[in-house]
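Trainee: Below: sequence and its predicted model.
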Amino acid sequence: MPRTVIVATALALSLPIATTHAETSKATTARKADLADRVAGTYKGAVISDARGSSRDNVTITVTRVSANKVEIKSAYARIPTVTIPLEKAMDAILAARGPHVFLLDTVRSPDRLDLTIDDASWSGTRVSIHAPK
């Protein structure tokens with residue numbers, strides 16, 4: 001094999017093609033954090049009002065991002081069913097964008113306090129852990 005072919009092949013193989021491709025893939029798959037990322041986490045609190053039952057302490061709520069600006073609310077407490085809530089920002093608050101549920105988090109005055117009303121049960125609590133974005 002002629003020397004120029006060997007040198008040209010060696011140069012071509014040393015170019016950072018794979019690195020460039022990997023960096024491009026990371027850039028296209030990375031996404032900007034949204035409202036769902038901001039509120040995702042585990043919250044502990046109490047059902048403070050319930051049209052169909054009594055109040056209850058030590059109720060844990062898990063807020064999980066399901067898509068852009070949309071979260072799933074889960075609780076082991078049967079009076080608060082699993083629901084999906086679209087979010088929007090209004091001034092300093094993150095709230096339910098639509099639907100029958102109340103979701104309220106004031107990002108300035110109490111950024112780790114969450115207030116919910118789902119199925120006529122009102123719950124209020126504070127964040128105890130943050131869920132990392134996927």
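Mentor: Perfect, I can see it now. Numbering: from 1, shown residues only.
Trainee: mind saving the C-alpha coords of stretch 63-80 as PDB?
Mentor: Taking Å, rounded to 0.1, in the frame of the first residue of the first chain, the C-alpha atoms of stretch 63-80 are listed here in PDB:
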ATOM      1  CA  VAL A  63     -45.700  14.800  41.700                       C
ATOM      2  CA  THR A  64     -44.100  13.300  38.500                       C
ATOM      3  CA  ARG A  65     -43.400  15.000  35.200                       C
ATOM      4  CA  VAL A  66     -45.200  13.200  32.400                       C
ATOM      5  CA  SER A  67     -44.600  15.600  29.600                       C
ATOM      6  CA  ALA A  68     -43.900  19.300  29.000                       C
ATOM      7  CA  ASN A  69     -45.800  21.300  31.600                       C
ATOM      8  CA  LYS A  70     -47.900  18.300  32.700                       C
ATOM      9  CA  VAL A  71     -47.700  16.300  35.900                       C
ATOM     10  CA  GLU A  72     -49.200  13.200  37.400                       C
ATOM     11  CA  ILE A  73     -50.300  13.400  41.000                       C
ATOM     12  CA  LYS A  74     -50.300  10.200  43.100                       C
ATOM     13  CA  SER A  75     -51.100   9.400  46.700                       C
ATOM     14  CA  ALA A  76     -51.500   6.200  48.600                       C
ATOM     15  CA  TYR A  77     -54.500   7.800  50.400                       C
ATOM     16  CA  ALA A  78     -57.600   6.600  48.500                       C
ATOM     17  CA  ARG A  79     -59.500   9.900  48.800                       C
ATOM     18  CA  ILE A  80     -56.900  11.500  46.500                       C
END
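Trainee: taking the mean pLDDT, what do you get for it?
Mentor: Across stretch 63-80, the average pLDDT comes to 96.
Trainee: ok now it, how far from the chain's centre?
Mentor: Its chain's average C-alpha position is 10 Å from that of stretch 63-80, according to C-alpha atoms, centre = their mean, to the nearest Å.
Trainee: List the buried residues of that stretch.
Mentor: Along stretch 63-80, these residues count as buried under the neighbour rule (16 or more other C-beta atoms under 10 Å): 63-65, 69-75, 79-80. For the C-beta atoms, the positions are set from N, CA and C on the backbone; glycine is no exception.
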